[in-house]
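Participant: Need coordinates for the below:
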Amino acid sequence: MEPPAERLTGRLVALGITGSISAYKSVELLRLLAAEGADVVALLTPSATRFVAPLTLEALSRHAVESDVLALMPDRRIGHVVVADTADAVVVAPATAHWLGAMANGLAADVVTATCLATSAPVVVAPAMDGEMYAHPATQANVRRLRDEFGYAIVEPESGPLASGAVGVGRLADLPRIVDAVVAAVGSRPVREPDRTARPPVVVPPREADLAGRRIVVSAGGTQEPIDPVRFIGNRSSGRMGIALAQAALDRGAVVTLVAAAMSVEAPAGAEVVQVESTADLRAAVLAALPGADALVMAAAVADFRPRRTAPHKLVRGEGLVLDLEPTEDVLAEAARTAASLDPRPILVGFAAETGSLERAPDKLRRKGVDLLVGNDVAESGSGFGTDTNRVTIFDRDGGADALPLLAKRDVADRLLDRVARVLDERDAAAQTVAR
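Facilitator: Coordinates of the predicted model:
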């Protein structure tokens, strides 16, 4: 069965939280927005920090929480201005009576109001408060102004038991209603800022050093097969997935050798980098690095064919060009044969870039002789070459298939390395049992 469509894929949603008792629901709202594919950054008023811990929201969103209107980001940009300039939508849930009044009169004393004033993105407001407060003419006037003059989408509160013990209209709307309102507000507009480096920076939580002392070999980028001294046959790989894997392994304490083909991103500091160009170069570098390695992760996109003959001089433009191609070396299969003779045997991870279906992936895992195979559909939006995200399925030798949602490539890297670390521990435990 196909997974449900993610309606906010690739979008940045700013979640403004104010000081209402229902602020605890904002944690689940963040999760629901993320499940729709959104990149979420949380904004808290000072009173909201007393109801929900910023650390919780930061851990779930992987962005620093904005709670100080004067705060700067690590790169010295003004936090709430960056959010205002890059968000596809701002949703304020819950919105207190105090916040409604401040916003209706443009009083930017908190980061949520300041962001709404500074943005041209659509704003969704979900009020929550005691029933008499919501019914007061002042509150109703503020709501009308936000809706009628500012164009904000108002998700009206619902009737039910309130924190005061009374029953009335003031309960925060059901969270799926709020999510639907955000989706409707965004509509079919293009992603406002697809460049993630322009958005609020991602906060990578510290990981356990479960690969400390391990030697991990990672290949990244795309190989290039020369036609002549100027032209080559290549592919669209940017190297982002391999670099994410290398950085994640370094962060977990591993010693990393990066076999780098053509890439559009920089190698992480701390990795030993072996630069290669062709598939033959990649093969030689991988086989040389394999002895003594604990794991090989072949994230490079290897050119499957190369010209049978390479012209020594630049070919002159003509009416056409016919290339006689031959298959390149099967680096992963050869690495598996070499690994079988090593003690301890390295864990082998392959990648399979497919289009339309991953049906061939389990057979490829068996044919290549690898422990894990990461399959992805490069024709899917957000999952192809050159993106910051990926949707993969991790296949294993026991026939398992772990289908991950669309994630940042760093998240994919950590999920995969979780598996690698576990298999390595199992390998070493089995070896100790045999030794006894």
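Participant: Neighbours of Glu193, how many?
Facilitator: Glu193 sits with 15 neighbouring residues when counted by other CB atoms under 10 Å. Heads up, the C-betas are built off the backbone N, CA and C, glycines and all.
Participant: Kindly state the pLDDT recorded for it?
Facilitator: Model confidence at Glu193, given as pLDDT, is 91.
Participant: Does it touch Val83 like I think?
Facilitator: No - judged on CB atoms under 8 Å, Glu193 makes no contact with Val83 at a distance of 10.5 Å.
Participant: any shared contact partners between those two?
Facilitator: Leu12 (CB atoms under 8 Å, 6 or more residues apart in numbering).
Participant: Now do the helices in this structure.
Facilitator: All helices of the chain, identified by DSSP state H, fall at 25-35, 54-61, 79-86, 97-104, 111-118, 131-135, 137-144, 175-186, 240-251, 279-289, 331-340, 361-368, 409-435.
Participant: Specify the beta-bridge partners of Leu407.
Facilitator: Counting by DSSP bridges, Leu407 forms beta bridges with Asn390.
Participant: Near it, how many other residues are there?
Facilitator: 17.
Participant: how many other residues sit next to Arg147?
Facilitator: Other residues near Arg147 come to 13 when the count uses other CB under 10 Å.
Participant: whoops, I mixed them up, Ala244
Facilitator: Ala244, neighbours per other CB under 10 Å, totals 25.
Participant: gap between it and Ala220?
Facilitator: Here the distance between Ala244 and Ala220 works out to 9 Å (CB to CB, to the nearest Å).
Participant: Kindly report the same for Gly253.
Facilitator: Noted for Gly253: a distance of 20 Å to Ala220, by CB to CB.
Participant: of those two, who's got more company?
Facilitator: The neighbour count for Gly253 versus Ala220, taken as other CB under 10 Å, is higher for Ala220 (29 against 14).
Participant: how about the nearest residue to that one, chain neighbours excluded?
Facilitator: Gly242 (2.3 Å; CB to CB, 6 or more residues apart in numbering).
Participant: Name the residues of stretch 104-122 that are buried.
Facilitator: 104, 108, 110-116, 118-119, 121-122 (16 or more other CB atoms under 10 Å).
Participant: Check stretch 230-249 too.
Facilitator: 231-235, 237-249.
Participant: what do you get for stretch 89-102?
Facilitator: Those would be 89-100, 102, for stretch 89-102 by 16+ other CB under 10 Å.
Participant: now do stretch 147-164
Facilitator: For stretch 147-164, by 16+ other CB under 10 Å, it's 152-155, 157, 162.
Participant: neighbouring contacts of it?
Facilitator: So stretch 147-164 is contacted by 21-22, 93, 104, 122-131, 134, 143, 146, 167-174, 177-178, 181, 184-185 (CB under 8 Å, 6+ apart).
Participant: if you look at those, which of them are in strands?
Facilitator: Using DSSP state E, 93, 123-127, 167-171 are the members of these that sit in strands.
Participant: In ChimeraX, how would I select the buried members of those?
Facilitator: This is how ChimeraX selects the buried members of the ones in strands among the contacts of stretch 147-164, with burial counted by 16+ other CB under 10 Å:
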select :93,123,124,125,126,127,168,169,170,171
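Participant: And the ones in strands among the contacts of stretch 147-164, which two are furthest apart?
Facilitator: Val123 and Val167 (29.4 Å; CB to CB).
Participant: So which other helices or strands are in contact with the helix or strand of the chain with the lowest mean pLDDT?
Facilitator: Least confident helix or strand of the chain, by mean pLDDT, DSSP states H and E, is strand 167-171 with a mean of 78. Taking 3 or more CB pairs under 8 Å, 6 or more residues apart in numbering; DSSP states H and E as the contact definition, the neighbouring helices and strands of strand 167-171 are helix 131-135, strand 158-161.
Participant: ok, now with 10 Å
Facilitator: Here strand 167-171 touches strand 123-127, helix 131-135, strand 158-161, going by 3 or more CB pairs under 10 Å, 6 or more residues apart in numbering; DSSP states H and E.
Participant: can I get these in CSV with distance to Asp39?
Facilitator: Output for the helices and strands packed on strand 167-171, formatted as CSV (distance: least, CB to CB, whole Å):
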stretch, distance to Asp39
strand 123-127, 16
helix 131-135, 32
strand 158-161, 28
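Participant: Lowest average pLDDT across those?
Facilitator: Across the helices and strands packed on strand 167-171, strand 158-161 gives the lowest mean pLDDT, at a mean of 83.
Participant: That one: partners in the sheet, and parallel or antiparallel?
Facilitator: Paired neighbours of strand 158-161 in the sheet (DSSP bridges): strand 167-171 (antiparallel).
Participant: Now do the partner strand: everything it contacts.
Facilitator: The contact list for strand 167-171 (CB atoms under 10 Å, 6 or more residues apart in numbering) reads 20, 22, 25, 94, 97, 127-135, 139, 156-164.
Participant: what's the domain layout of this protein?
Facilitator: 12-198, 215-313+324-435 (automatic domain parsing).
Participant: got those as JSON lines, with distance to Ala209 columns?
Facilitator: Shown next, in JSON lines, are these (distance: least, CB to CB, whole Å):
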{"stretch": "domain 12-198", "distance to Ala209": "19"}
{"stretch": "domain 215-313+324-435", "distance to Ala209": "4"}
